[in-house]
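A.B. asks: Here is my input, please return the structure:
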Amino acid sequence: MALIQFTDVTFAYDSSYDDVFSQLNCQIDSRWRLGLIGRNGRGKTTLLRLMAGELSPQGSILMPLMPALFPFPISDPTQSTMDIMLACAPDTPEWRLMLEINQLGVEESILSRPYVTLSRGEQTKAQLAALFAREDTYPLIDEPTNHLDLQGRELVAEYLSMKDGFLLVSHDRAFLNRCIDHTLSINRSTVTVQRGDFDAWERELERKNSSEQARNEQIRKDVTRLEETARRQAEWSRKCEKGKYHVPSSDAAVVDRGYVGARSAALMKRSLSSQARIERNVEEKKGLLKDMERVGELKLSPLVHPKKQIIDVRNASVRYGERVVCDDISFHIVQGERIALTGRNGSGKSSILKTLCGLSSALTGEVSIASGLKVSYVPQSTEHLQGSLRDFIAENNADETLFKAILRNMDFGRQQFDKSIEQYSEGQKKKLLLARSLCEQAHLYVWDEPLNYIDVFSRMQLEELILSAQPTLLLVEHDRAFLERVCTSTVDLDSGKAG
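C.D. replies: Numbering: from 1, shown residues only. Modelled structure (predicted):
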């Protein structure tokens, strides 16, 4: 058994004033198919980079195998895919790379193509194949599903389920259930390791939260009682101090002021000692409240349009110049419906959303949009986000109080508000785009892969919000659990059928 050991690991970025990890101690078996779970901004990618040796912490990380981080940097994407894979897996025979590619359902012909011409899903599979073609490394896999369609996720999950020994960061619940046998969870103040898949971890979390909630209620009562006792002790101390100097004049002749002073000083010392002990007790009990995961409630106020049917698409196609990537597209959107566009990578899903939002002209055909329709759009990419949070809020004419309240309910710490957006994790950046949309009143919400990099707690929050507010929603998403819970129908671009 080869153990990976973390001993007193502490790390903070130079530009930050808070620790990502503080005195982290745990050990994991390098043979486990280990899923890494945690809120956005808790340090999942940072932990992988520490294990890969890209960052230097205080303390020590013992790695019995050479770490290999996914995705790995591509210096020249115009090289052939085979050359790129060989650079990742040097000294690996080509037949082994071809075997791994076949297991991922990718045609061998991509190996001779320039890497840059591959779809994002094909690039993901090529990198994973190169990663597992080696036998001398420990794979550290960071969010492999973000560029995979539903079918691609199923193939990769099946592929990983046949492997031994990796650490995987993902927020896709169905995906994790398919391919992991242990979980490593970064909590609010602790890190825990547990046997089982995501569902087993979630059941244990619910049990702990239920127990912690009952315990916290008792702790809060104890804190209130202790604080009241501390207040009374402080009042007693004040009276004792006053008693040294304010002996009633009628008693002055018979009372020894030295005795009164000594007695008052003794009482005050005992009172202050008792007060300090109570205050320490209060702080200790408050410290017990800090590890429970709190999932705040989100709000949304959709508008009602005068027309029942707000969008109608008939016999349409998605074209890029002369190239047709999808045709015979027909669907319509009625208020209250929540529709998901599904299909393989590159089938034109994002182009359809952009066209309906007035940001593209790739969708051609009979497209009818109700007049006066207000649309709220969440783009797939976060690359354009930069600057301060306050400037971002002002540029989007959002209510700052509401915007920050939404972020707080999605587990944004107040200290994040003062950082530049460039310092945010990818999941935190995506939450900015979602928060902007949740602040907007619209007839139609159009979300393009809104869950990319978003943690599982926030995914469940969004599910509850959508089921409660019932907005009219058109989205592209590949999280099967999310789609099954919130969508009223789907439009499959590969078959041209609605379901």
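
A.B. asks: Strands along the stretch 101-250 of the chain, start to end?
C.D. replies: 137-142, 166-169, 182-186, 191-195 (DSSP state E, counting those that start in this stretch).

A.B. asks: so where is this structure shaky, pLDDT-wise?
C.D. replies: For the chain, applying pLDDT under 70 flags the ranges 1, 212-220, 222-223, 226-227, 230, 233-295, 495-499.

A.B. asks: How is it divided into domains?
C.D. replies: 3-187, 206-287, 309-498 (automatic domain parsing).

A.B. asks: Nearest to Gly296, out of those?
C.D. replies: Nearest to Gly296, of all the domains of the chain, is domain 309-498, at 3.0 Å by Cβ to Cβ. (Each C-beta comes from the backbone N, C-alpha and C, glycine too.)

A.B. asks: so how far is that closest one off the chain centroid?
C.D. replies: 17 Å (Cα atoms, centre = their mean, to the nearest Å).

A.B. asks: Return the most buried member of the strands of the stretch 101-250 of the chain.
C.D. replies: Mean neighbour count (mean count of other Cβ atoms under 10 Å) peaks for strand 166-169 among the strands of the stretch 101-250 of the chain, with a mean of 24.

A.B. asks: Strand partners (parallel or antiparallel) of that strand?
C.D. replies: Strand 166-169 has the following strand partners under DSSP bridges: strand 33-38 (parallel), strand 137-142 (parallel).

A.B. asks: can I get the strands of the stretch 101-250 of the chain in JSON lines with distance to Leu433?
C.D. replies: Output for those, formatted as JSON lines (distance: least, Cβ to Cβ, whole Å):
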{"stretch": "strand 137-142", "distance to Leu433": "20"}
{"stretch": "strand 166-169", "distance to Leu433": "20"}
{"stretch": "strand 182-186", "distance to Leu433": "23"}
{"stretch": "strand 191-195", "distance to Leu433": "29"}
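
A.B. asks: closest to Leu385 out of those?
C.D. replies: strand 137-142 (19.4 Å).

A.B. asks: Not counting sequence-adjacent ones, nearest residue to Leu176?
C.D. replies: Phe198 (4.0 Å; Cβ to Cβ, 6 or more residues apart in numbering).

A.B. asks: Check Ser420 too.
C.D. replies: Ser388 (6.1 Å).

A.B. asks: Surely that neighbour and Ile421 touch.
C.D. replies: Yes - in terms of Cβ atoms under 8 Å, Ser388 counts as a neighbour of Ile421; the distance is 7.1 Å.

A.B. asks: of the two, who's got more company?
C.D. replies: Neighbours per residue (other Cβ atoms under 10 Å) separate Ser388 from Ile421, with Ile421 holding more: 17 against 13.

A.B. asks: got the contact list for the closest residue to that one other than its chain neighbours?
C.D. replies: Excluding the flanking residues, the one nearest Ile421 by Cβ to Cβ, 6+ apart is Leu385, at 5.0 Å. If you count contacts by Cβ atoms under 8 Å, 6 or more residues apart in numbering, Leu385 has them with Phe392, Ile421, Tyr424, Lys429, Leu432, Leu433.

A.B. asks: before we move on, back to that, contacts only, for the residue nearest to Leu176.
C.D. replies: Gly35, Ile37, Arg173, Leu176, Asn177, Ile180, Thr183, Val456.

A.B. asks: Make a markdown table out of the domains of the chain and add distance to Val193.
C.D. replies: Listed next are these as a markdown table, based on distance: least, Cβ to Cβ, whole Å:
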| stretch | distance to Val193 |
| --- | --- |
| domain 3-187 | 5 |
| domain 206-287 | 14 |
| domain 309-498 | 17 |
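
A.B. asks: Write the PyMOL selection for whichever of the contacts of Leu385 are buried.
C.D. replies: Per 16 or more other Cβ atoms under 10 Å, the buried members of those correspond to this PyMOL selection:
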select buried, resi 392+421+424+429+432+433
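
A.B. asks: of the contacts of Leu385, closest to Pro64?
C.D. replies: Tyr424 (33.5 Å).

A.B. asks: okay, now Arg323: neighbour count?
C.D. replies: Arg323 - counted by other Cβ under 10 Å - has 7 other residues nearby.

A.B. asks: if we can go back for a sec, give me the three-state assignment for the residue nearest to Ile421.
C.D. replies: Here Leu385 is coil, with the state taken from DSSP: H, G, I helix; E, B strand; the rest coil.

A.B. asks: Ramachandran angles for it?
C.D. replies: The phi and psi values for Leu385, taken as degrees, to the nearest 10, are phi -80, psi 130.

A.B. asks: now the one 10 residues further on
C.D. replies: In this entry, Glu395 is assigned phi and psi values of phi -60, psi -30 (degrees, to the nearest 10).

A.B. asks: burial count for it?
C.D. replies: Around Glu395 there are 10 residues (other Cβ under 10 Å).

A.B. asks: cool, Arg39 as well?
C.D. replies: 25.
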